[in-house]
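no sequence on this one, just coordinates:
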């Protein structure tokens, strides 16, 4: 009886040891896997392209990329950019607007907001309904870029394309969406889509650049350390 009892206890000790060893191995394996994953993530270095080098041109200590795809979002984007700078200068003892590199991106439905007044004078009758906009002063289509309107006209609190450029803001415009709008304009006016595209490309707002696609610029900006803010 004692013999059997000793054998049973020995078997239990053996199984307990096996279970403990297995559990220890599992924990060690999981820890190692997590370590490898963290190492891989921490060691990630995004591929650089010459086309994205402009994102690194501003050496300011803070970087913000404001993405917008709607006309109302374009107005809000201007206000966001101003609020960020005001909050920084008022809330931090050593804060200056030059501490912040801000890019506002007009893409998708907001893309025409990246075209200058000459294009809005020529195509405002088409752009205004496309963007569901109406000039409150005339109750008709805009004849200049809406973001060059004053506060009482458009709700942008006095923030305009030019006033924000003076404060260091730059702009990105979706080239892909510009192609789509050129085709829509061609259909509405009977013009040539290719010629209209070239015209729009040549008439962007000051301190702006065309990017292959607005959504692409938004993702690349994060690889360059920009905080991404969407303006609806």
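Sure, I can see it. Just so it is clear, the structure is predicted and the values come from calculations on it, not from any experiment.

When you work out contacts or count neighbours from here on, use the C-alpha atoms and nothing else.
Noted.

Near the closest residue to residue 88 other than its chain neighbours, how many other residues are there?
Spatial nearest neighbour of residue 88, excluding adjacent residues (C-alpha to C-alpha, 6 or more residues apart in numbering): residue 95 at 5.5 Å. For residue 95, the neighbour count with other C-alpha atoms under 10 Å is 15.

next one: residue 91
By other C-alpha under 10 Å, the residues close to residue 91 number 10.

Phi and psi next, for it.
Torsion angles at residue 91 (phi, psi; degrees, to the nearest 10) stand at phi -100, psi -10.

Could you check how far it is from residue 65?
Residue 91 sits 21 Å away from residue 65, going by C-alpha to C-alpha, to the nearest Å.

How is the chain divided into domains?
For the chain, automatic domain parsing gives the domain ranges 1-44, 51-231.

and those domains, which one is worst for confidence?
Looking at the domains of the chain, the lowest mean pLDDT belongs to domain 1-44 (a mean of 50).

in which helix or strand would I find the residue nearest to residue 88?
Here residue 95, judged by DSSP states H and E, is contained in no helix and no strand.

Between the domains of the chain, which shows the greatest average number of neighbours?
Greatest average neighbour count among these goes to domain 51-231 (a mean of 18), per mean count of other C-alpha atoms under 10 Å.

Okay, strands next: where are they in the chain?
Per DSSP state E, the chain carries strands over the ranges 62-68, 100-106, 170-174, 208-211, 227-231.

Could you dump those strands into a markdown table with distance to residue 124 added?
What follows is the strands of the chain, written out as a markdown table (distance: least, C-alpha to C-alpha, whole Å):
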| stretch | distance to residue 124 |
| --- | --- |
| strand 62-68 | 20 |
| strand 100-106 | 17 |
| strand 170-174 | 18 |
| strand 208-211 | 20 |
| strand 227-231 | 23 |
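
how about these, which one is nearest residue 141?
Residue 141 lies closest to strand 100-106 among the strands of the chain, at 19.8 Å (C-alpha to C-alpha).

who's in contact with the nearest residue in space to residue 192 that is not next to it in sequence?
Nearest residue to residue 192 in three dimensions, chain neighbours excluded: residue 186, at 5.5 Å (C-alpha to C-alpha, 6+ apart). By C-alpha atoms under 8 Å, 6 or more residues apart in numbering, the contact set of residue 186 is 192-193, 196.

Distance check, the closest residue to residue 131 other than its chain neighbours against residue 168.
Counting by C-alpha to C-alpha, 6+ apart, residue 131 lies nearest to residue 71, which is 6.0 Å off, once chain neighbours are set aside. As defined by C-alpha to C-alpha, residue 71 lies at a distance of 22 Å from residue 168.
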